[in-house]
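S.K.: turn this into a model:
(2 chains)
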Amino acid sequence: AQSVTQPDIHITVSEGASLELRCNYSYGATPYLFWYVQSPGQGLQLLLKYFSGDTLVQGIKGFEAEFKRSQSSFNLRKPSVHWSDAAEYFCAVAYMYSGGGADGLTFGKGTHLIIQP
Amino acid sequence: DTAVSQTPKYLVTQMGNDKSIKCEQNLGHDTMYWYKQDSKKFLKIMFSYNNKELIINETVPNRFSPKSPDKAHLNLHINSLELGDSAVYFCASSPGGRQPQHFGDGTRLSIL
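M.R.: Model prediction:
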């Protein structure tokens, strides 16, 4: 079965500093990977996705992520964080149901990002 | 226009009651989902509907039943509510085939 690990439960970063959130996945076929962000009291917003091709993908709000097959990783980065980036970040892998009819997402447990002034 | 909308946003009720949460999407997607987010923020898929057919049921108690009157709607009915059902429930939709899912804002269910 597929799985996603986000090893950092909390990360604190100073405003303007760079950010890297770690994600490792386990999936038996070509992974479709996603990063979502959840602000307090809100739903999940898609930041970026990786399906195939270029291993460095660009997303919204200045985020990027790099897919490394050899390390089974899909880490999220941002060069300079803003106070508004404080939120919960989820890495996810999409899988196909064994019958092939539909799909679902398996999420990591999330990383809570705190921004210091 | 809101792409995926859920109602109500908050639901407070007592143990043993029956309740429903409604979900509608205006994206023309073929697949809709329900996820449960527990108090530790962990998200787990409950159901997936593809063209009105239930495809996934991830060890969810049979007190939970999804109902899809048409492709744009997937409602969640919960019978005999228990304390452990307290959580935030998210509806989502996608074109299927592992394409990105679009989420609603969630329904916070609190059982007294």
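S.K.: from A:Pro7, how far off is B:Gln25?
M.R.: Distance of B:Gln25 to A:Pro7, given as CB to CB, to the nearest Å: 34 Å. All C-beta atoms are positioned from the backbone trio N, CA, C, and that covers glycine.
S.K.: of the two, who's got more company?
M.R.: Higher neighbour count among B:Gln25 and A:Pro7: B:Gln25, with 23 against 11, using other CB atoms under 10 Å in any protein chain shown.
S.K.: and the more buried one, what does it touch?
M.R.: B:3-5, B:32, B:72-73, B:91, B:93, B:102 (CB atoms under 8 Å, 6 or more residues apart in numbering or on different chains).
S.K.: which ones, among those residues, also lie beside chain A?
M.R.: Contacts with chain A within the contacts of B:Gln25, counted by CB under 8 Å from any CB of the partner chain: B:4, B:102.
S.K.: need the contact list for B:Asn51.
M.R.: B:30, B:71.
S.K.: contact residues of chain A facing chain B?
M.R.: Residues of chain A lying near chain B (CB under 8 Å from any CB): A:32, A:34, A:36, A:38, A:41-46, A:49, A:51, A:88, A:90, A:94-97, A:99, A:101-107, A:109-110, A:112.
S.K.: buried subset of the residues you listed?
M.R.: A:32, A:34, A:36, A:38, A:43-44, A:46, A:49, A:88, A:90, A:94-96, A:101-107, A:109-110 (16 or more other CB atoms under 10 Å in any protein chain shown).
S.K.: for the chain, what spans make up the strands?
M.R.: Unless you meant another one, I'm taking chain A. Per DSSP state E, chain A carries strands over the ranges A:3-5, A:10-14, A:19-21, A:24-26, A:32-38, A:44-50, A:56-58, A:64-68, A:73-78, A:87-96, A:103-107, A:111-116.
S.K.: my question was about chain B, not that one.
M.R.: With strands called from DSSP E, chain B shows them at B:4-7, B:10-13, B:19-25, B:31-37, B:43-50, B:53-57, B:64-70, B:73-78, B:87-94, B:102-103, B:107-111.
S.K.: make TSV out of the ones you listed and add mean pLDDT.
M.R.: Formatted as TSV, these follow (pLDDT from 0 to 100):
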stretch	mean pLDDT
strand B:4-7	96
strand B:10-13	97
strand B:19-25	97
strand B:31-37	95
strand B:43-50	91
strand B:53-57	73
strand B:64-70	91
strand B:73-78	96
strand B:87-94	97
strand B:102-103	96
strand B:107-111	97
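S.K.: closest to A:Phe74 out of those?
M.R.: Nearest of the strands of chain B to A:Phe74, taken as CB to CB: strand B:43-50 at 16.8 Å.
S.K.: sheet partners, orientation included, of the closest one?
M.R.: Here strand B:43-50 is paired, per DSSP bridges, with strand B:31-37 (antiparallel), strand B:53-57 (antiparallel).
S.K.: flag the shaky bits of chain A, pLDDT-wise.
M.R.: Where chain A drops to pLDDT under 70, the residues are A:98-101.
S.K.: what do you get if the cut-off is 50, keeping everything else the same?
M.R.: Low-confidence segments of chain A, defined by pLDDT under 50, are absent.
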